[in-house]
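Participant: pasting the structure only:
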């Protein structure tokens, strides 16, 4: 491409670009409205596909809730064993969520402290 | 309490999602009119162009919204170009299929695909079709329509959309060298065609 051609083609690129920009700015209201509706539909699609919190994320909060129930249940009893509360961090830890599934067992354990001792039955 | 946007420091998963939605909204509102014009030039039909742009938006939201936003532009234009390619293939198939139908009195003088579109229930003239199109733009559209598809793609993505060579190659699914070749040929073909009137 010689210099004349390059200038010529550069002018063509500029002119076609300007025409295109003009046609974009000149879009009629109906088309603009339909494009907006199309955009909203796409955003609605994004909202519907929003990632849900994974179930494992719910486990710690469930553990805390169970621990709170346990604390209220045991805390109101005179003579409650403080060791039970020291074990709460074990209960609420993420390592063994299954421990939380039987709150009644821990209530029974609190009423029978000897059962927790080695050889205590 | 009203949700407060803070793009710099999303605080939770919800904030990230909302921020993503806002970013996608901003991106799409910035490209939708240009994308429509590009699709309209390629398929030369208002409704088909709108369908193509809407589908490209949906596909981007559905499959690529989690990607970094700086990747959206070439991805969006790649989807758009793929949809235009699909439209061209369907259009070609319809033309071939209709060629087998019994010829009417004016057969051969009119485009059967265009006749089909115009006879469709929703093919009534729209306000957009009543607007007088700028003569120069119409001439340009005709010249662009006469280009081979790949040249047309390269020219519109590079010159109208301002994508660089690498982004255009990504959108077209070809090498950067091919983009340069297609673009150069497109410019010269347009120059040859439009030279007399421009």
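Facilitator: Cool, got the structure. Source: prediction; values computed, not measured. Numbers count the residues shown, from 1 in each chain, chains lettered A, B, ... in the order given.

Participant: show me where pLDDT drops low in chain B?
Facilitator: B:1-16, B:97-134, B:196-198 (pLDDT under 70).

Participant: For chain A, which element, helix or strand, carries the lowest mean pLDDT?
Facilitator: helix A:88-92 (a mean of 49; mean pLDDT, DSSP states H and E).

Participant: Point out the other elements, helices or strands, that the helix or strand harbouring residue A:31 touches.
Facilitator: With elements taken from DSSP states H and E, the one containing residue A:31 is helix A:29-48. Judged by 3 or more C-beta pairs under 8 Å, 6 or more residues apart in numbering or on different chains; DSSP states H and E, helix A:29-48 is in contact with helix B:13-43, helix B:46-59, helix B:127-130. All C-beta spots, glycine's among them, are computed from the backbone N, C-alpha and C.

Participant: So which other helices or strands are in contact with the longest helix belonging to chain A?
Facilitator: The residue-count maximum for a helix in chain A (DSSP state H) belongs to helix A:3-25. Helix A:3-25 sits against helix B:13-43, helix B:135-145, helix B:176-194, with contacts defined as 3+ C-beta pairs under 8 Å, 6+ apart.

Participant: and those helices as TSV, adding distance to residue B:57 and mean neighbour count?
Facilitator: As requested, the helices and strands packed on helix A:3-25 are arranged in TSV below (distance: least, C-beta to C-beta, whole Å; neighbours: other C-beta atoms under 10 Å in any protein chain shown):
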stretch	distance to residue B:57	mean neighbour count
helix B:13-43	6	19
helix B:135-145	23	17
helix B:176-194	24	18
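
Participant: Include distance to residue B:161 when you put the ones you listed into CSV, please.
Facilitator: Shown next, in CSV, are the helices and strands packed on helix A:3-25 (distance: least, C-beta to C-beta, whole Å):
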stretch, distance to residue B:161
helix B:13-43, 6
helix B:135-145, 14
helix B:176-194, 12
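
Participant: will you turn these into a markdown table that also has distance to chain A?
Facilitator: Output for the helices and strands packed on helix A:3-25, formatted as a markdown table (distance: least, C-beta to the nearest C-beta, whole Å):
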| stretch | distance to chain A |
| --- | --- |
| helix B:13-43 | 4 |
| helix B:135-145 | 5 |
| helix B:176-194 | 5 |
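
Participant: And those: which comes nearest residue B:155?
Facilitator: The closest of the helices and strands packed on helix A:3-25 to residue B:155 is helix B:176-194. By C-beta to C-beta, the value is 3.9 Å.
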